[in-house]
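Peer 1: let's see this in three dimensions:
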Amino acid sequence: MDATTPYVRGSFDDIMEVDTLAYRDGTTRRRHRRQWYSGFYEAIGLGDLARAIRDERLRRSAESYQPKYSLLHRVVNSMAFEAFFGCLIIVNCIFIGLAANGDPQADSDYSTAEHCFTAVFFIEWILRVASGGWVWMFDFYNFADFLLVFVTGVIANWFLDPLGVDVSLLRKLTVLRALRLVRLARAVRLLPVFKEMWLLVKGLLDSALLMLWTLIIVTVLLFMFAIWGVEIIGRNSAVAADPVTAGLFPTVHQGMFTLFQVLTLDTWSDTVARPLMKYLPRIGLYFVGFITVIVFVLMNLVTAVVVENALALAQRDEEQQAKVKKAAKRKDILDLKDLFMELDTDGSGELDMKEFNQALSNPKIVDKMASLGIEREDMLDIWDLLDDGDGHLTIEEFTGGLRKLKGGARAKEVLVLLKQLRQALIDTNELSDQVWDLCESVGGTLEDLDDVRRDMGTAAAAIATLRRHFEDMYEDVVTPAVEAPCSGKEFSWNVSRRRLRLVMSELMLSSYDPSPPQLIIVAACLIGSHSREPPA
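Peer 2: Residues are numbered from 1 along each chain as shown. Purely as a prediction, here's the structure:
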């Protein structure tokens, strides 16, 4: 953002910015309706003035526009300014009400107060014109505000009254100054606490045209039914002779007033319908038809239209609020990008810790960050909050992080929490990598164990086969040797060999799971004992 970008401050300034954007884009019905002067000036041959007003509004709505009196512009467009003069309008209305009580002793005091209020409102008008330019006068609400201030105040109190002109009629119009509170309602309409109030005020203002057409239609219907009433009821001799009913429908305008009483349902049955039904029993159908058409149908249609307008108004306010947030976000991003460019001294498009620390020692940078709502005590922690661990900040990380950091303590706490969550995510990812490596290592170990299990199974099968061979050897060698006849030394040797084979065989057969060395020893003994000759 360059140096000519207008400074927007507070929600009311955001509303004003959205209004000008809506005028430039031509997207809202309100801005189209406010160009009432265009058709009027074209009709009277002042089209050039209308085009000049349009061009000036477009110039002022541009992002590069810088108000001539920037400080005055911020003050006039602030919420405090609107609230202050709103309170003065309320106090002025209270004085007008007290003056209407007619206390002669206080007339001079009320007159002095009226001059003071007129002077204050005149100064307000000057400030608004100086801030908004000459085109400020050509807004409908502003023009109405101008008339209320000048006609009932400046002209009546400072010009006509000193000349001796009777200004009692204009003094009675001073109560209309209460309508200036609509400006305050417009200023606070996007604040949540005033949402319902604005819906009521705006709904009432938008219903003015609806009420006008309703009045016209009701008047036409009253006129039609009044004519029928005069023809059917007013010219009946029995009705005209009764003093109770004679004044109900003698003429059209009196009949219209009687039907208006029926329209309001104000004791119409006891004072209008039933007295007439004594002479005209079927006249009840006339009143039933009238109430059905106007009360049940027309009035309910009017209510439905008012509700529809209120719903549409609520939707437009939501769109307006979205535009306010969008405009504020756009301005924040532009301001933060400018701040980033000032911090990025080497022009690399990234900030490092050194550049950031150097910037904090620059008073200009510190002041600019303070203007963005970043407190000085928070600046030292900004880097730790925004850095994602790579030691650099991109423009997206910088602008997005500072936008989240702007605001109250809750926003800062949330950002700290996000930083902690991000660090926890990094630690979790590292732990996940370690667990994955451990799983791969355990998987390799499991594969080795499977190989060992398979080898042990093969060895067990081989041992079982060897055991069966030994059993066969026992049957084939040991048993015949025992049963064979012998004598002397041969018998003693044979017995010794037989006992050894028996012992070894028993040892082999009694072993549940002999080890390979045991099997080898047993096999050697058996083979040796079988092959050796007896001693000489």
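
Peer 1: residue nearest the centroid of the protein?
Peer 2: Ala322 (7.9 Å; C-alpha atoms, centre = their mean).

Peer 1: count the residues that sit near Thr399.
Peer 2: Residues near Thr399, counting by other C-beta atoms under 10 Å, number 19. C-betas here are computed from N, CA, C, even on glycine.

Peer 1: I'd assumed Lys331 was in contact with it.
Peer 2: No: taking C-beta atoms under 8 Å as the definition, Thr399 is not a contact partner of Lys331, at 11.8 Å.

Peer 1: quick one: name whatever helix or strand follows the helix or strand encompassing Arg274.
Peer 2: Arg274 belongs to helix 274-277 when assigned by DSSP states H and E. Using DSSP H and E, the helix or strand that follows helix 274-277 in sequence is helix 283-291.

Peer 1: check the secondary structure at Gly457 for me.
Peer 2: Counting by DSSP: H, G, I helix; E, B strand; the rest coil, the backbone at Gly457 sits in helix.

Peer 1: got the contact list for the residue nearest to Ser131 when sequence neighbours are not counted?
Peer 2: Residue nearest to Ser131 in three dimensions, not counting chain neighbours: Val76, with 4.0 Å by C-beta to C-beta, 6 or more residues apart in numbering. Taking C-beta atoms under 8 Å, 6 or more residues apart in numbering as the criterion, Val76 is in contact with Leu127, Arg128, Ser131, Gly132.

Peer 1: pLDDT on the helix or strand where the third one lies, on average?
Peer 2: Think Ser131. For Ser131, the host element (DSSP H and E) is helix 107-132. The average pLDDT within helix 107-132 is 89.

Peer 1: just the buried positions in that helix, please.
Peer 2: 110, 113-114, 117-118, 120-121, 124-125, 127-129, 131-132 (16 or more other C-beta atoms under 10 Å).

Peer 1: and this structure, what are its domain boundaries?
Peer 2: The record's domain split for the chain, according to the TED database, is 12-65, 207-323, 324-411, 412-456.

Peer 1: closest one to Asp139 among the ones you listed?
Peer 2: domain 12-65 (5.9 Å; C-beta to C-beta).

Peer 1: okay, now Val135: neighbour count?
Peer 2: 18.

Peer 1: now the one 4 residues further on
Peer 2: Look at Asp139: counted by other C-beta under 10 Å, it has 19 neighbours.

Peer 1: go on, Ala359?
Peer 2: Ala359, neighbours per other C-beta under 10 Å, totals 20.

Peer 1: check the one 10 residues further on too.
Peer 2: Residues near Met369, counting by other C-beta under 10 Å, number 21.

Peer 1: part of a strand, is it?
Peer 2: No: Met369: not assigned to a strand; according to three-state DSSP it is helix.

Peer 1: need the per-residue pLDDT for it.
Peer 2: 70.

Peer 1: ok, now the one 4 residues further on?
Peer 2: Gly373 is assigned a predicted lDDT (pLDDT) of 64.

Peer 1: shaky segments in the stretch 51-200 of the chain?
Peer 2: 63, 103-106, 189-190 (pLDDT under 70).

Peer 1: quick one: which helix or strand includes Leu98?
Peer 2: Assigned by DSSP H and E, Leu98 belongs to helix 79-99.

Peer 1: flag every buried residue along that helix.
Peer 2: Within helix 79-99, judged by 16+ other C-beta under 10 Å, the buried ones are Met79, Phe81, Glu82, Phe85, Gly86, Leu88, Ile89, Asn92, Cys93, Phe95, Ile96, Ala99.

Peer 1: which ones are touching the third one?
Peer 2: Contact analysis of Glu82 by C-beta under 8 Å, 6+ apart lists Phe12, Arg183, Leu184, Ala187, Val188.

Peer 1: one step back: tell me who's in contact with the residue nearest to the centre of the chain.
Peer 2: Contacts of Ala322 (C-beta under 8 Å, 6+ apart): none.

Peer 1: quickly find the element holding it.
Peer 2: helix 299-343.

Peer 1: ok, now Gly347?
Peer 2: With DSSP H and E as the test, Gly347 turns up in no helix or strand.

Peer 1: for it, the count of nearby residues, please.
Peer 2: 7.

Peer 1: what distance do you get for it to His73?
Peer 2: 34 Å (C-beta to C-beta, to the nearest Å).

Peer 1: tell me how far the ends of stretch 169-179 are from each other?
Peer 2: End-to-end distance of stretch 169-179 (C-alpha to C-alpha, to the nearest Å): 18 Å.

Peer 1: that one: which residues count as buried?
Peer 2: In stretch 169-179, counting by 16+ other C-beta under 10 Å, buried: Leu170, Arg171, Thr174, Arg177.

Peer 1: any idea which of the residues you listed is the one closest to Glu355?
Peer 2: Arg177 (57.4 Å).

Peer 1: that closest one against Phe150, yeah?
Peer 2: No: Arg177 lies out of contact with Phe150 (C-beta under 8 Å); the separation is 11.7 Å.

Peer 1: any stretches of the stretch 351-500 of the chain with poor pLDDT?
Peer 2: Using pLDDT under 70, the stretch 351-500 of the chain drops low at 368, 371-381, 384-385, 388-389, 402-420, 469, 472-500.

Peer 1: what about the strands in it?
Peer 2: Using DSSP state E, counting those that start in this stretch, the strands found in the stretch 351-500 of the chain span residues 392-394.

Peer 1: before we move on, back to that, and the angle from the helix holding Ala322 to helix 283-291?
Peer 2: 10 degrees (axes from the mean of the first three to the mean of the last three C-alpha atoms, to 10 degrees).

Peer 1: what mean pLDDT does helix 299-343 have?
Peer 2: When pLDDT is averaged over helix 299-343, the result is 80.

Peer 1: same deal with stretch 265-281?
Peer 2: 91.

Peer 1: got the buried residues for that stretch?
Peer 2: Buried-residue list, stretch 265-281, by 16+ other C-beta under 10 Å: Trp268, Thr271, Val272, Ala273, Leu276, Tyr279.
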